[in-house]
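Visitor: Could you work out the structure for the sequence below:
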Amino acid sequence: MGRRRKAREVALQFLYQLDLQGEDDPVPHEHEFWARHPLSDEAKTFAETLVRGTKANQAKIDQVIEQYTENWDLERMAVVDRNILRAAVYEMLWTAEVPVKVAINEAIEIAKKFGTKESSRFINGVLDRIHKELRPTP
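Guide: You can find the predicted model right below:
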């Protein structure tokens, strides 16, 4: 498994934890979390960027997700799915160094590992719609 994939998986675990605890600021929890989930410096930096960026932009990200998930209340979504979508939308809309198709593919693969049987299809559909409508290909 590549370092970036591992970083995304660990970032998902951190986002999941913060979501369940109702926390918006990851900083007070970072020392303990990273002590339990050691990564290479490069992977940790990428994971921290994902977590901090996702949390900092969560209100906007949640609006985007709700706009493109018909008949789905964000709070009723599976916690894993919700946080995979949040991290992927952050990557798609706020990080220029990651190609959108890579962000979508990584989210789908992580959903296959951590989500339900239907998670990967659901996440693919939502992210594909967001990509086509918010970042259309010229």
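Visitor: List the residues that contact Glu133.
Guide: Tyr68 (CB atoms under 8 Å, 6 or more residues apart in numbering). C-beta coordinates here come from the backbone N, C-alpha and C atoms, glycine included.
Visitor: let's have the chain start at 10 instead
Guide: In the new count, where the first residue is 10, that last one comes out as Glu142.
Visitor: Mind pulling up the pLDDT for it?
Guide: Note on Glu142: pLDDT of 84.
Visitor: what about it, distance to Leu136?
Guide: 11 Å (CB to CB, to the nearest Å).
Visitor: before we move on, what about Glu115?
Guide: With distances taken as CB to CB, Glu115 is found 10 Å from Leu136.
Visitor: between these two, who's got more neighbours?
Guide: Neighbours per residue, other CB atoms under 10 Å: of Glu115 and Leu136, the larger number sits with Leu136, 26 against 21.
Visitor: check which helix or strand covers the spatially most central residue of the chain.
Guide: The centroid of the chain falls nearest to Ala96 when counting by CA atoms, centre = their mean (1.8 Å). Counting by DSSP states H and E, the element that carries Ala96 is helix 88-103.
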